[in-house]
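Trainee: okay, predicted coordinates and the sequence, questions at the end:
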Amino acid sequence: MNEGQEICFACGQHIRQRGHRGERPHSPIVFILAGVLVLAVGVGAVFVVGGRARRAAGEAVRQKQAQLDEAARAAAEAKRDSTRAAVRSDAMGALVQEVNDLESRFNLVRKEVVRDQPSPAQAKLISQISAELGRLRQLAAVIGDQPSAGSDSLKEQLRNGERTVRSLISALSRAPKK
């Protein structure tokens, strides 16, 4: 149909021209809504991925903290055990030192009193003192291995043995010579 033609040449009817709309500009609201939708999807994805990462990182931190706590507990236990062993060792060392002091006193008295050959009374005292010192050494070793609560009676036996050795050493110094 040509411009200005109002009647159809073929049929002779009046032709109404179709309304031709001109191009309208696109609505900016559509683009804004599409942009907001894309932005919302992007932010949601970041939160979902970030939440998973935070949970995974939190779990890793908790596991690491649990390992550190376990290591600290094990180190504290080892320190307590070594401290207990050191205290036991110190106590045993002190007991052994007391027995060594008694033995050195015995050797000093023996050297002064017994010249060449001990008399029968001196020989009897020397063998008693040697046996008692051996028993005291053995008792000191047993006390060092025992926990402190169970070793009170053993310590009392050790003290009694020390008194016995001291009295035997005194008797050796007064024993009749040949």
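Mentor: All right, it came through fine.

Trainee: now the residue nearest the centre of the chain: which helix or strand?
Mentor: Nearest to the geometric centre of the chain sits Ala74, at 2.3 Å (C-alpha atoms, centre = their mean). Element membership of Ala74, judged by DSSP states H and E, is helix 28-113.

Trainee: could you look up the next helix or strand downstream of the lowest-mean-pLDDT helix or strand in the chain?
Mentor: Within the chain, confidence by mean pLDDT, DSSP states H and E is lowest for helix 28-113 among all helices and strands, at a mean of 85. Next along the chain after helix 28-113, taking DSSP H and E as the criterion, comes helix 120-145.

Trainee: which of the residues in that following helix are buried?
Mentor: Gln122, Leu125, Ile126, Ile129, Glu132, Leu133, Arg135, Leu136, Leu139, Ala140, Ile143, Gly144 (16 or more other C-beta atoms under 10 Å). Every C-beta, even on glycine, is put in place using the N, C-alpha and C of the backbone.

Trainee: now tabulate those residues in JSON lines and tack on pLDDT and distance to Gln97.
Mentor: Converted to JSON lines, those look like this (pLDDT from 0 to 100; distance: C-beta to C-beta, whole Å):
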{"residue": "Gln122", "pLDDT": "87", "distance to Gln97": "27"}
{"residue": "Leu125", "pLDDT": "90", "distance to Gln97": "24"}
{"residue": "Ile126", "pLDDT": "90", "distance to Gln97": "22"}
{"residue": "Ile129", "pLDDT": "92", "distance to Gln97": "18"}
{"residue": "Glu132", "pLDDT": "93", "distance to Gln97": "17"}
{"residue": "Leu133", "pLDDT": "91", "distance to Gln97": "13"}
{"residue": "Arg135", "pLDDT": "92", "distance to Gln97": "17"}
{"residue": "Leu136", "pLDDT": "89", "distance to Gln97": "12"}
{"residue": "Leu139", "pLDDT": "86", "distance to Gln97": "14"}
{"residue": "Ala140", "pLDDT": "83", "distance to Gln97": "9"}
{"residue": "Ile143", "pLDDT": "78", "distance to Gln97": "13"}
{"residue": "Gly144", "pLDDT": "72", "distance to Gln97": "12"}
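
Trainee: with that, I have no additional questions.
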